[in-house]
Each structure stands twice: as C-alpha cells, then as structure tokens.
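Colleague: the following block contains a protein sequence and its predicted model.
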Amino acid sequence: MNNDVDSEAYLRMMRIRGFEEAVTRLITEGEVAGAAHSSVGQEAAIVGACMALRNDDYMSGTHRSHGHPIGKGAQLNALMAEILGKVTGVCKGRGGSMHLTDTSIGSIGESAIVGGGIPLATGAALSAQVRKTDQVALTFFGDGASNEGVFHESINMAAIWKLPVIFFCENNHYAAVTPAVNTHGQPDIARRADGYGIPGVIVDGQDFDAVFKATQQAVARARAGEGPTLIEAKTYRFDEHCVGLFIKGGYRAQEEMDFYQNERDPVKLLRAALLARGHTEADLSAIEDRAQAEIDAAVTFAKDSPYPRPEEAFELVHADPIAIRR
Amino acid sequence: MTQILTQRMTYLDALGLAQREELERDSSTIMIGEDITLYAAGGAYGNIDMSRVRSAPISECGFAGMAVGAAITGLRPIVDLTIANFIYLAADPIINQAARLRYMTGGQFSVPVTFRASMWHNQANAAQHSDRPYPMFMNVPGLKIVCPATPSDAKGLLKAAIRDNDPVLVFEDNDLWGMREEVPLDTDFVVPIGKAKTHREGTDVTIITVSGVLRHALKAADVLAKEGISVDVVDLRTLLPLDHEAILASLAKTGRILIADAAHRTCGAAAEIAAIVVEDGFDLLKKPVRRVVTPDVPIPFAQTMEKQLYPSPESIADAVRSLM
C-alpha cells in the first residue's frame, strides 16, 4: 500500500470513529434531537470503498451515514452542525443525522428510506454515461436494503446498460434488530450478482486493504465501460441500531459482540497493519491527534452556531420562490 | 413567404412535438420509460443520440428513482409512466426523493425531472387502469402538477414542465389524445405553470374545471346560454401551485361557483378549491359552493356502471341550474 493512502485512510477512519463517539456524547447531553445511527465498527468498509473513488465520483449513503461523507473526504464542521440542527449545517438544518448530503465531495445524499439511495446512484451513473464523463457512482446499502424491490430493479438496469456503478453492500448482519439469516434465502448477497450477469465479490469488511483493493477493481471496470459490480463487505455494527436504543433481552450474543470488538475492530486492525508496514507510533499518534482536534473544533463550531430562524422553513421549497400560505 | 405559425394536430401529437423539440433543443434532456425506443423509427425523437432515450424494463420504482438521480447530476429526464395508475409504483422516488431533495439538502440540488402519466378513464379499463391520481400528489409540497385540457396546452405545459427546475407531474387526459386544434409551432412556445385560463366569459356562474372536464363544461355553457344563464369557464391547467387569483377573480364576477373535476370526491382537487373559495371568497358567495365530481367508488368495468360516474355536460348543467 502506498504511504499516502495508508495515512489518509487511517485519518478518515479515526475521523469517523471520533465523530460517532462525539455524536453519542452530544445525544446524552441533550444537544441532538431525533434519531442518530452510529457506524462504529464499519469504518474500514466505508473508507476502503470511498478511497477507491475520485472526488468527483458520486456516492450515495444510507440512514446510517455519518461515516460516508467523512469517508469521501468531507470536512466535519458542517456535518456536525447539521446533526445539531444548526443553520450552518451542510443542509442548513433541513436534513439532520440521516441526510448529511455534501455535494462538494460527490455525495448525492443519504436516505432514510431503506434502499432509497440505490436507484439515485444508478441514475447518477446513467447521467455520467449519457454526458460521456468518466465518473462512476457508488451506492452504499445494507443487508436489509438488499431485500427492497429497487435493489433488484436498479442492479438489473445497471447490468443491461453497463452503467458505471458499484453496488456496495455493508452487510452488518442485522436489519435494525432482525438477523439477516432470517430474511435472506442464502447468506451471501454478492451471489445474487450471478442472476444479473455481473461480478459479485465478497470481502472482509473489517479489513481496509481488502475493501480498498476490491473496490478499486470495481471502479476500474466501471470507468472502462464494462458495467457494474456488486461488492458485499461482511462487517459489524458495534452500537445498537440507533444511539440510545436498548432492546431488552437482546438479539445479539454477547460472545459475538465481544469477538468483533476485541478481535475485528477495523480501526485497531488497520493500526496494527500500518505499524507492521513501517509507520511509527509517532506517525499514527499525530494522525489520531489531528482527527481529534478536527472533531473538537467541529463540536465547538456546531454548538456555537445559531439555529435556523422559524421563517426559513418556508424557503427552498421550489427553484423560484412560490408564495406559501401559512 | 408566409410564416406557418400554427398547425392543426392532436393532443397526443402536441405532446410528442413538445418532447421532440425539447430533446433537440437541450442535449441534457433524456427520456426513460417502457417501450419508448420503438417510436424512434416514426421520427418521435428527431435526430438525437439515441443513448438519450432508454426503453426500460418494467421497473417503475427503479427507473423513476434513476431519473431523480440523473436529474440531480446534470440531466433533465422525462419519465414516461404511461398509464397513470403505474405512478403508484414510482411513488417513493417521486414523493420521498424528487419532491424534497432541494429542500432537504438546503438547496444543494435542483430536481428538473418530468413525470408523464396518462389517465385512461371512461374507456372500459376497470379500476386498475382508470385512475385520476393528481389529488394525492397535491398533498406533496415540492411538486408541481399540470393537467392540460387542450392540444396547445398539452404542448405548452409539457415544454414548461421539461424546462422547469423542479419536479413536475404531467397528467394527460387519455380521452383527449385524439382531440385536434391549431397548435403553435414556435419552438419556444410554453404555457406558464401556475396560470389558469378563462375559456368563456360569463356573469352568472363560474365553472372551475380540471383537465378534460373543460370540454364538458363548455358544452354545458352553450346549453345554459340558450336558457339565459351566462357562465364563466376557467380551466385551472395547473393544480400545484393553484391559481388562487383566477379562481377568486371569476367568483367576484359571478358570485356562484361550481367545481367540475373527474377525480374522486373526498380530498379531491375540487375539495381544495372549495376550501379556498370558502376561506378567501366567502363574502362573494351568493349560493353555497357546488362540486360535480366522481363518487367514491372504484371504477367499474361495465359501461352501464362506469359512464355515469364522471362529470358530464348534463350533470354540470344541472348543477349550474341549481345555483340560479
């Protein structure tokens, strides 16, 4: 692995980890209204996929999507401000936690409708193909979304038109609290690719290098006009479905959670890999400090920013303002 | 040399001309829908790169969502949903995505997408092919909705929809596809979205019409004129945003108002118009607001049951007489 890629990947993963921890803290402090879904545990899948993309490539996220824009390279201040509902938020306080759309880094949005981003990203790939740019689109979705009808419809159209799109499944094995084994006829979502005549790849989602390489291949194929790839990253959600949700009786075995947290933490795994590749403790500490400083600054920025004025609710409904009766 | 300014053509040909002109005018305009490349041989799309016209699999939700994704990344898609009932399969990308992406992203996106849906009522197609679904979508902030009632409006409103930077639903009245009139050939002829049109001036009763009901109202007005009743006929043309001023201006002339709309009664377009009249024009009313609409039953197949359900010249004329 190239040194710059290593450092940037570790920085982005540390940003996501720290950002999610900060959001969780802010929720307990009462600073965040509404639901928030943490992506802790899934950082390698997110960053490995995003690092294979160019800044002008398109990316769509999910409801669990704080990490996706960060993985794609977004600055943190406007993301944190959005989660706090501030006017300086990336969506001016209109989207919140599940909608951290940042077009400056190619994000075409996150969707609180499970699977909602899949046809949008496929359409962005159609757009790139019609406009004859060499952009590609990557759509993140979960094991749950793979059972939505639009997954099938979109992947089929991408296959027949050879659209430059990567269908990237973060299979964290639970749709909210329902195990994927109870909702899938067979456990490997990537095997469905055969049904569409496209490549399907299963990759260890806790291993940055593996995800990065698999996505690079899919991106190269898409950019060359050879069509879509379905990648399934087997990963794990460390936190509950949404922050603060507690399911009495549990639905995940303690041993399973302990195994992933102790043995398969993607941040620890990449850190160990980087040390083995010759990065020093000092290098990695500097990256960790930088990420933490950015997060602290983002929290301060978000807390210090004003809320939108009530009358702003009536703005941006249409391209040209239309009088809206109150 | 005489310049040809108009040409007599059908409502359907006017829609096709609007589409072809916009495809030729702007290379970012694309079309997606079922079966549509078939029509290229007949010249439907002019001389354009046919990669911009996609015959899609029967995947309404998928291709409507893709059109939204294309619209936020630099294209101007026209989605042909064919029969209006199929719009329900595409409801999620239209409602949850197209209508609110500008707003939810703080204005980072425009969503210049047009959805065409043809209403096939009164043709013995039964309840799954006969809907007039526009009222459901009138409850969705962020959308625009047009319902052309003439060939010229069909051309002008579809062109306005395609050029608009917001998502626009174009509900066509399939019963009008064969209707002919002189249609402007000017390639920049557009009918502004949000503006109603007065088709007949009168002083006794206002009839507000939606879509193809216009022609029934005009027939009723002819009959009523012979009885000495002067009718003002206003076709809304756009349902979202509604032209409040035109509704209230006509009411100010007549003091009596009837809304004739082929959608169902409960929460139909006519219900919203009646509410506007009562809220903002109550002092102008000499009689209560009347509606002639389709009763709240699924559309039956047998013509003996179906035909009676929609507004007709006779039912409109009767309702007008009751207001005198």
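Modeller: Perfect, I can see it now. Quick caveat, the model's predicted, so the values are computed rather than measured.
Colleague: C-alpha from now on. contacts and neighbour counts both.
Modeller: Will do.
Colleague: helices of the chain, start to end?
Modeller: Because you didn't say which chain, this covers chain A. Taking DSSP state H as the criterion, chain A carries its helices at A:3-28, A:43-50, A:67-71, A:76-83, A:117-131, A:149-160, A:208-223, A:254-263, A:266-276, A:281-304.
Colleague: let me rephrase: I mean chain B.
Modeller: B:11-25, B:60-71, B:91, B:101-104, B:134-138, B:151-163, B:213-226, B:244-254, B:269-281, B:303-306, B:313-323.
Colleague: still on that earlier bit, Serialize the helices of chain A to a markdown table and add fields for distance to residue B:202, mean neighbour count and mean pLDDT.
Modeller: Below are those laid out as a markdown table (distance: least, CA to CA, whole Å; neighbours: other CA atoms under 10 Å in any protein chain shown; pLDDT from 0 to 100):
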| stretch | distance to residue B:202 | mean neighbour count | mean pLDDT |
| --- | --- | --- | --- |
| helix A:3-28 | 63 | 20 | 96 |
| helix A:43-50 | 65 | 30 | 98 |
| helix A:67-71 | 60 | 27 | 98 |
| helix A:76-83 | 54 | 27 | 98 |
| helix A:117-131 | 49 | 29 | 98 |
| helix A:149-160 | 51 | 21 | 98 |
| helix A:208-223 | 63 | 22 | 98 |
| helix A:254-263 | 76 | 12 | 95 |
| helix A:266-276 | 75 | 17 | 98 |
| helix A:281-304 | 60 | 17 | 98 |
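Colleague: between those helices, which one is closest to residue B:8.
Modeller: Proximity to residue B:8 (CA to CA) singles out helix A:117-131 among those, at 34.6 Å.
Colleague: packing partners of the closest one?
Modeller: Contact analysis of helix A:117-131 by 3 or more CA pairs under 8 Å, 6 or more residues apart in numbering or on different chains; DSSP states H and E lists strand A:58-60, strand A:137-142, helix A:149-160, strand A:165-171, helix B:60-71 as its packing neighbours.
Colleague: now tabulate those in a markdown table and tack on distance to residue B:232.
Modeller: Formatted as a markdown table, those follow (distance: least, CA to CA, whole Å):
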| stretch | distance to residue B:232 |
| --- | --- |
| strand A:58-60 | 51 |
| strand A:137-142 | 54 |
| helix A:149-160 | 47 |
| strand A:165-171 | 55 |
| helix B:60-71 | 39 |
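Colleague: pick the most deeply packed of the helices of chain B.
Modeller: Ranked by mean neighbour count, the helices of chain B are led by helix B:60-71 with a mean of 30 (mean count of other CA atoms under 10 Å in any protein chain shown).
Colleague: and it, average pLDDT?
Modeller: If you average the pLDDT over helix B:60-71, you get 98.
Colleague: what about the closest residue to residue B:178 other than its chain neighbours, distance to chain A?
Modeller: Distances taken as CA to CA, 6 or more residues apart in numbering or on different chains place residue B:10 nearest to residue B:178, at 5.3 Å, with adjacent residues excluded. According to CA to the nearest CA, to the nearest Å, residue B:10 stands 31 Å off from chain A.
Colleague: so residue B:10 sits against residue B:151, correct?
Modeller: Yes: using CA atoms under 8 Å, residue B:10 is in contact with residue B:151, at 6.1 Å.
Colleague: intersection of neighbour lists for the two?
Modeller: B:179, B:180, B:181 (CA atoms under 8 Å, 6 or more residues apart in numbering or on different chains).
Colleague: follow-up on the earlier one: residue B:230: which of the helices of chain A is closest?
Modeller: It's helix A:117-131; of the helices of chain A, that one is closest to residue B:230 (CA to CA) at 52.0 Å.
Colleague: can you check what angle separates that closest one from helix B:60-71?
Modeller: Helix A:117-131 runs at 50 degrees relative to helix B:60-71, counting by axes from the mean of the first three to the mean of the last three CA atoms, to 10 degrees.
Colleague: ok, now which ones touch the residue nearest to residue B:287 when sequence neighbours are not counted?
Modeller: Excluding its sequence neighbours, the residue lying closest to residue B:287 (CA to CA, 6+ apart) is residue B:256, at 5.8 Å. Going by CA under 8 Å, 6+ apart, residue B:256 touches B:204, B:205, B:206, B:285, B:286, B:287, B:288, B:289, B:323.
Colleague: what's the answer for residue B:255, then?
Modeller: Per CA under 8 Å, 6+ apart, neighbours of residue B:255: B:204, B:205, B:206, B:284, B:285, B:286, B:287.
Colleague: any of these buried? List them.
Modeller: By neighbour count, with 16 or more other CA atoms under 10 Å in any protein chain shown, the contacts of residue B:255 hold B:204, B:205, B:206, B:284, B:285 as buried.
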